[in-house]
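Asker: pasting a predicted model and its sequence here:
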Amino acid sequence: MERSEFGRLPGGEKVDAFTLRNARGVEARVIGFGGAIVSLRVPDRAGRMGDVVLGYDSLAGYLADDAYFGSLIGRYANRIRDGRFSLDGEEHALDVNNGANHLHGGRRGFHKALWTAEPDGAALRLTYTSADGEEGYPGTLHATVRYTLTDADELVIDYGATVDRATPVNLTQHTYFNLTGDPARDILGHELQLAAGHITPVDETLIPTGELRPVQGTAFDFQHPCPIGARIGGADEQLARAGGYDHNFVLRRDGDSLALAARVHDPSTGRTLEVHTTEPGIQFYSGNFLDGTTLGKDGHRYGHRCGFCLEPQHFPDSPNRPEFPPVILRPGQHYASRTVYRFGTD
Ligand code: GLA
């Protein structure tokens, strides 16, 4: 594993970049700041390598970023209504950073933390201690994330956490993919398949209403492969609220073993991406907030929908939804979650 300095924080702390490489020349580069994946080079059907993730050339980009490019997300991924929840009879107020709601762990969530990063065999191991009260969350939390690149072109991400007091935990990865390798192109032609028969529809502020709505016959039906752009402009209240897809899909699964959640195919290059996860949901976000103002890698201005995210997770606002799969971690318990991003061509 190659290690080099990526930049320095305003306080002078060094941020390193680590390059994981497999036997087939696939390469993932990760930095300690936000645990962000800054590049991911995989072959197309002709064997040509291309970088399939959005990001920045320098640390300054990640410091200023408000789109979560490539970052780890915590302590709680996605939204919590009004930034409030009660737990064991006590009310907690979180950082409110998205209208009236809390999003992605708050302004100083795990994406803005400097993780301790060390090679661990062929893997990269990142650790971060989130202090009691950070962004309003109760209890000290120790998080560990391990990135492993296998010779089967899989990026395996293992998340672990322990706490000294009960707290909600929902960790994920917020990489934006563009399988063409050319972010000047949008992702609307990518074909998406999701192992989901329901979504958790949202209100005007993108908080789940509590309903589990069947996707059958709607623009959210990706049970068979369908281009992302095929129905994105249709008249649909859910699409209108989010400006496109920005929804949690309820994965069809039994138990919590690793299962296929999503498959994406870019017909132009043949590149494919499969997402396997132990999580019960996946947020599919079609890059609706990208508007050409963000200056990314290699001088690219990231345009509308030039990247998509598939964020395996527990459902949004679960701390306020006892009917959703549970998200509270207690002392003595060990949080464990795994996601595999598997690349291929066809
Ligand atoms: C998540 C959210 C979106 C948006 C993006 C980043 O996917 O659900 O609403 O915040 O992150 O812009």
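Answerer: Received the coordinates, thanks.

Asker: please make it C-alpha for all contacts and neighbour counts, starting now.
Answerer: Will do.

Asker: check contacts around the residue nearest to Val96 when sequence neighbours are not counted.
Answerer: Closest residue in space to Val96, ignoring its immediate chain neighbours: His102 at 4.6 Å, by Cα to Cα, 6 or more residues apart in numbering. Counting by Cα atoms under 8 Å, 6 or more residues apart in numbering, His102 makes contact with Asn78, Arg79, Ile80, Arg81, Asp82, Gly83, Leu94, Asp95, Val96.

Asker: a markdown table for these, including distance to Gly210, pLDDT and neighbour count?
Answerer: Shown next, in a markdown table, are the contacts of His102 (distance: Cα to Cα, whole Å; pLDDT from 0 to 100; neighbours: other Cα atoms under 10 Å):
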| residue | distance to Gly210 | pLDDT | neighbour count |
| --- | --- | --- | --- |
| Asn78 | 15 | 98 | 28 |
| Arg79 | 13 | 98 | 24 |
| Ile80 | 13 | 98 | 26 |
| Arg81 | 12 | 98 | 23 |
| Asp82 | 15 | 98 | 20 |
| Gly83 | 17 | 98 | 23 |
| Leu94 | 21 | 98 | 22 |
| Asp95 | 23 | 98 | 21 |
| Val96 | 21 | 98 | 21 |
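
Asker: just send those back as TSV, with secondary structure and distance to Met1 too.
Answerer: Converted to TSV, those look like this (DSSP: H, G, I helix; E, B strand; the rest coil; distance: Cα to Cα, whole Å):
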residue	secondary structure	distance to Met1
Asn78	coil	32
Arg79	strand	36
Ile80	strand	38
Arg81	helix	41
Asp82	helix	43
Gly83	helix	40
Leu94	coil	38
Asp95	coil	37
Val96	coil	39
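
Asker: what subset of those is also close to the ligand?
Answerer: Contacts with the ligand within the contacts of His102, as defined by Cα under 6 Å from any ligand atom: Asn78.

Asker: so the residue nearest to Val96 belongs to a strand, correct?
Answerer: Yes: assessed by DSSP: H, G, I helix; E, B strand; the rest coil, His102 belongs to a strand.

Asker: quick check: it vs the ligand, distance?
Answerer: Using Cα to the nearest ligand atom, to the nearest Å, His102 is found at 10 Å from the ligand.

Asker: now swap in Gly7 and tell me
Answerer: Distance, Gly7 to the ligand, using Cα to the nearest ligand atom: 24 Å.

Asker: still on that earlier bit, mind listing the residues bridging to the residue nearest to Val96?
Answerer: For His102, the beta-bridge partners under DSSP bridges are Ile80.

Asker: now it: how far from Ile80?
Answerer: Remark: distance between His102 and Ile80 (Cα to Cα, to the nearest Å) = 5 Å.

Asker: and Gln223, by the same measure?
Answerer: For Gln223, the distance to Ile80 equals 28 Å [Cα to Cα].

Asker: now swap in Asn320 and tell me
Answerer: Applying Cα to Cα to Asn320 and Ile80 gives a distance of 8 Å.

Asker: do Leu54 as well
Answerer: For Leu54, the distance to Ile80 equals 26 Å [Cα to Cα].

Asker: next one: Ser58
Answerer: To Ile80, Ser58 is 31 Å away according to Cα to Cα.

Asker: what is the least confident helix or strand in the protein?
Answerer: Here the helix or strand of the chain ranked lowest by mean pLDDT, DSSP states H and E is strand 294-295, holding a mean of 96.

Asker: in space, what's closest to Ile232 - neighbours in sequence excluded?
Answerer: Closest to Ile232 by Cα to Cα, 6+ apart is Gly244, at 5.8 Å.

Asker: over to Gly34?
Answerer: His111 (3.9 Å).

Asker: repeat for Val215
Answerer: Asp221 (4.7 Å).

Asker: close to the ligand: what parts of the stretch 1-150 of the chain are there?
Answerer: Ala67, Tyr68, Asn78.

Asker: who's in contact with Ala161?
Answerer: Taking Cα under 8 Å, 6+ apart as the criterion, Ala161 is in contact with Leu141, His142, Ala143, Thr144, His334, Tyr335, Ala336.

Asker: coming back round to it: helix, strand, or coil at the residue nearest to Gly34?
Answerer: Applying three-state DSSP: His111 is helix.

Asker: wait, isn't it in contact with Ile37?
Answerer: No: with contact defined as Cα atoms under 8 Å, His111 does not count as touching Ile37 (11.1 Å).

Asker: so between these two, which is more surrounded?
Answerer: Each of His111 and Ile37 has its neighbours counted (other Cα atoms under 10 Å); His111 has more, 30 against 27.

Asker: what's the burial count for the closest residue to Ile228 other than its chain neighbours?
Answerer: Among residues not flanking Ile228 along the chain, Leu188 sits closest, at 4.9 Å (Cα to Cα, 6+ apart). For Leu188, the tally of surrounding residues (other Cα under 10 Å) stands at 20.

Asker: what about Leu188, distance to Asn288?
Answerer: Separation of Leu188 from Asn288 (Cα to Cα): 11 Å.

Asker: now do the shared contacts for those two.
Answerer: Shared contacts of Leu188 and Asn288, counting by Cα under 8 Å, 6+ apart, come down to Arg305.

Asker: follow-up on the earlier one: hmm, the helix or strand just after the least confident helix or strand of the chain in reach of the ligand?
Answerer: Beyond strand 294-295 in the direction of the C-terminus, DSSP states H and E gives the next helix or strand as strand 301-302. No: if you take Cα under 6 Å from any ligand atom as the test, strand 301-302 misses the ligand, and the best it gets is 12.5 Å.
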